[in-house]
Each structure stands twice: as structure tokens, then as C-alpha cells.
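>>> sequence and predicted structure are below.
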Amino acid sequence: MKAVGYNKPAPITDDTSLVDIELPKPAPAGHDILVEVKAVSVNPVDYKVRRSTPPNGTDWKVIGYDAAGIVSAVGPDVTLFQPGDEVFYAGSIIRPGTNAEFHLVDERIVGRKPKTLDWAEAAALPLTSITAWEAFFDRLDVNKPVPGAAPAILIVGGAGGVGSVAVQIARQRTDLTVIATASRPETQEWVKSLGAHHVIDHSKPLAAEVAVLGLGAPAFVFSTTHTDKHAAEIADLIAPQGRFCLIDDPSAFNIMLFKRKAVSIHHELMFTRPIFGTPDMAEQGRLLNDVSRLVDEGRLRTTLTNRLSPINAANLKQAHALVESGTARGKVVIEGFGPQA
């Protein structure tokens with residue numbers, strides 16, 4: 001089968017950073033389903049792994065943590081899907097990734113593809129939707145009020161991949177006032193179009209930007225990027241006993257900034273459930289089905305903004321470079337492997 005991989009970590013400008021390769025077609029066992037991949041999207045985790053992680057016991061490492069496709073075969077323990085089903089999912093960071101014609105994934109972390117979206121539109125959603133959903137409902141527990149706080153959430157990085165779907169989920173699944181950050185006119189308009197009640201500029205001090213809104217101190221903050229840069233401002237603006245969730249990897253983070261307000265700090269990593277095979281791992285499949293339903297009801301929309309074809313090393317390099325630049329709005333998706341050789 002066709003695939004895209006690498007045999008040593010490298011910057012995206014290196015010729016060997018991503019390479020077109022041929023690999024054996026895998027076969028499903030246990031709870032695995034074999035998916036014929038129709039589209040993949042690129043997330044920051046892709047370039048972080050590509051730059052740092054060599055292959056483990058194989059010649060090639062295949063990455064990719066979003067896909068939409070058709071179930072081709074199922075393992076003997078599979079009960080949720082059958083061949084021919086259309087699915088979307090993010091997969092597991094400790095297994096081979098989705099940048100291949102056929103991909104194995106545990107059925108419990110897979111959802112049914114929205115009927116109203118094409119392959120690329122669907123592939124834009126899984127990783128970011130799982131991240132935002134788990135952050136809101138498993139980590140921040142946004143349906144439990146913070147005494148005295150404004151019923152509001154600040155989403156730092158509202159125009160990025162996670163932010164773009166987080167704004168929508170917060171509007172559709174909570175009664176919170178949604179404040180999102182964006183710094184360029186085009187990203188500010190994008191975030192407004194997704195439903196944010198207020199858009200503030202993260203290139204300016206966040207506490208003052210939030211204060212001007214006159215809402216009071218927000219109960220919740222969800223930081224998707226540059227947490228180290230904004231930590232002091234977040235500690236200043238969040239309500240006492242508020243809840244703060246981050247998903248990025250700050251080089252330094254002073255947790256003592258939050259002690260006086262007794263703010264709880266939560267990390268969200270959507271790979272945790274599949275990495276550890278947690279007893280509630282199937283919650284990811286269920287929440288993806290909820291996302292699919294919301295899409296088909298017209299309440300959520302795809303965050304696809306850039307579409308490339310076919311799935312090959314050249315287009316994945318282009319996508320990696322765009323996401324790595326930190327200026328991407330929404331999601332970049334690559335679709336189709338093209339005709340067989």
C-alpha cells in the first residue's frame with residue numbers, strides 16, 4: 001500500500017522529512033478495524049512527532065492523527081462497525097498513523113462520519129473535536145458553575161484547529177458566554193463567524209481586554225497555544241476558584257501564579273485514553289458520534305480551510321509547513337491517494 005513516512009527526525013525543509021513509501025497492507029485483529037483512508041488532516045502533534053521521534057523497531061515511521069474513510073475489514077472482537085461503514089477518527093499516538101492507504105484503529109475510538117460532509121470536511125474534525133470536548137466536559141466540568149464567577153469561557157487561540165471547533169462546541173453545548181482570542185482581521189472574522197460572543201486580541205494584555213467587556217471574571221479559561229506567554233494574564237483575569245485547561249507544551253509554567261485564587265489546573269491530551277487503554281476509552285467513539293450528529297443537524301460545521309490532493313509526501317510537507325508556521329486558520333486537509341501504480 002502507499003504511505004508517507006520518514007526514517008529519521010528532520011526539519012520539514014529536509015528532503016527526507018517525509019517520503020513516499022510502500023508498506024504491506026495490515027490485517028485487523030481484536031477490536032481493530034481496517035480503514036481505507038480517504039482523507040487526513042495535519043495537527044501540531046504531527047510536526048512535533050516528526051521533528052523528535054525516530055522509528056521504533058521499523059525502517060519507517062508513519063504519522064498522521066486524523067482520518068476519514070471506509071471500513072475495509074474488521075477484527076474478530078469488533079461489534080460496532082462492519083465493512084462498508086464510513087468513519088472518522090484520530091487514532092493513537094503510540095500506533096502507526098493515518099498517512100497510509102489502509103490504517104488499523106481500535107473501534108472504540110472511532111465515530112460514524114457525518115453524512116452531510118465529504119471526506120476532507122470530515123477529516124478536519126476528529127482530533128480537535130475530541131480535544132475540545134474532553135477539555136470542556138471531562139477536565140473543566142463547564143456545566144458545574146464557579147461561585148461568583150461570570151458564566152463565561154475564554155478560549156485562547158480561537159482561530160486555530162482546536163479553537164475553531166471549541167468555539168462552536170461551547171456555543172452549541174453550553175450556556176456560557178464565549179470569549180475567543182485572535183489577532184489578525186481575517187482570524188477575528190473567522191472566529192466571529194464560528195459563533196464567539198466576543199473576540200479579543202491576544203497580542204494585547206488579556207486581562208485588560210477581558211475587563212473592557214464588562215462581564216466580570218470568567219469561570220473558565222481554555223488555552224490552546226502560547227500558554228507560557230499568557231499565563232500571568234490568565235492568572236489575573238480568571239475568577240477565584242476558576243478552572244484552567246491547557247493543551248500546549250509551555251517551556252516554562254509557573255503554577256504558583258494560580259495558588260492565591262485556588263484555580264485548578266487541568267491538562268488535556270486526547271491521546272491519554274488510547275495510550276493507556278482506560279476503561280472509558282469508548283467515550284471517544286461516543287463523543288465523535290455526538291459531533292457527527294451535531295454536524296448533520298447543522299449545529300457544527302467543518303473547520304476545513306485548506307484542501308490539498310493527493311495524499312503524498314509533497315502535499316504533506318506543504319501542510320506541515322503551514323501548520324508549523326503558527327499562522328494557519330482552521331484545518332488543512334489532504335485527500336485521496338490517487339490511482340494505483
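Cool, the structure landed. In this text, all values refer to a predicted model and were calculated from it rather than measured experimentally.

>>> ok, which stretches of this protein are helices?
Assigned by DSSP state H, the chain shows helices spanning 44-52, 119-123, 126-134, 161-173, 185-194, 206-212, 227-237, 272-276, 283-296, 313-324.

>>> could I get these as JSON lines with mean neighbour count and distance to residue 59?
In this view, the C-beta of every residue, glycine as well, is placed from N, C-alpha and C. Formatted as JSON lines, the helices of the chain follow (neighbours: other Cβ atoms under 10 Å; distance: least, Cβ to Cβ, whole Å):
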{"stretch": "helix 44-52", "mean neighbour count": "18", "distance to residue 59": "16"}
{"stretch": "helix 119-123", "mean neighbour count": "26", "distance to residue 59": "27"}
{"stretch": "helix 126-134", "mean neighbour count": "27", "distance to residue 59": "26"}
{"stretch": "helix 161-173", "mean neighbour count": "26", "distance to residue 59": "30"}
{"stretch": "helix 185-194", "mean neighbour count": "17", "distance to residue 59": "40"}
{"stretch": "helix 206-212", "mean neighbour count": "17", "distance to residue 59": "47"}
{"stretch": "helix 227-237", "mean neighbour count": "19", "distance to residue 59": "37"}
{"stretch": "helix 272-276", "mean neighbour count": "16", "distance to residue 59": "24"}
{"stretch": "helix 283-296", "mean neighbour count": "20", "distance to residue 59": "30"}
{"stretch": "helix 313-324", "mean neighbour count": "20", "distance to residue 59": "16"}
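
>>> could these be laid out in TSV, adding distance to residue 307 and mean pLDDT?
What follows is the helices of the chain, written out as TSV (distance: least, Cβ to Cβ, whole Å; pLDDT from 0 to 100):
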stretch	distance to residue 307	mean pLDDT
helix 44-52	17	96
helix 119-123	5	98
helix 126-134	16	98
helix 161-173	14	97
helix 185-194	16	95
helix 206-212	33	97
helix 227-237	30	97
helix 272-276	27	98
helix 283-296	17	98
helix 313-324	10	96
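
>>> check contacts around residue 249.
residue 48 (Cβ atoms under 8 Å, 6 or more residues apart in numbering).

>>> before we move on, back to that, columns distance to residue 154 on top of the helices of the chain, output as JSON lines?
Shown next, in JSON lines, are the helices of the chain (distance: least, Cβ to Cβ, whole Å):
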{"stretch": "helix 44-52", "distance to residue 154": "20"}
{"stretch": "helix 119-123", "distance to residue 154": "28"}
{"stretch": "helix 126-134", "distance to residue 154": "14"}
{"stretch": "helix 161-173", "distance to residue 154": "10"}
{"stretch": "helix 185-194", "distance to residue 154": "12"}
{"stretch": "helix 206-212", "distance to residue 154": "7"}
{"stretch": "helix 227-237", "distance to residue 154": "7"}
{"stretch": "helix 272-276", "distance to residue 154": "24"}
{"stretch": "helix 283-296", "distance to residue 154": "22"}
{"stretch": "helix 313-324", "distance to residue 154": "23"}
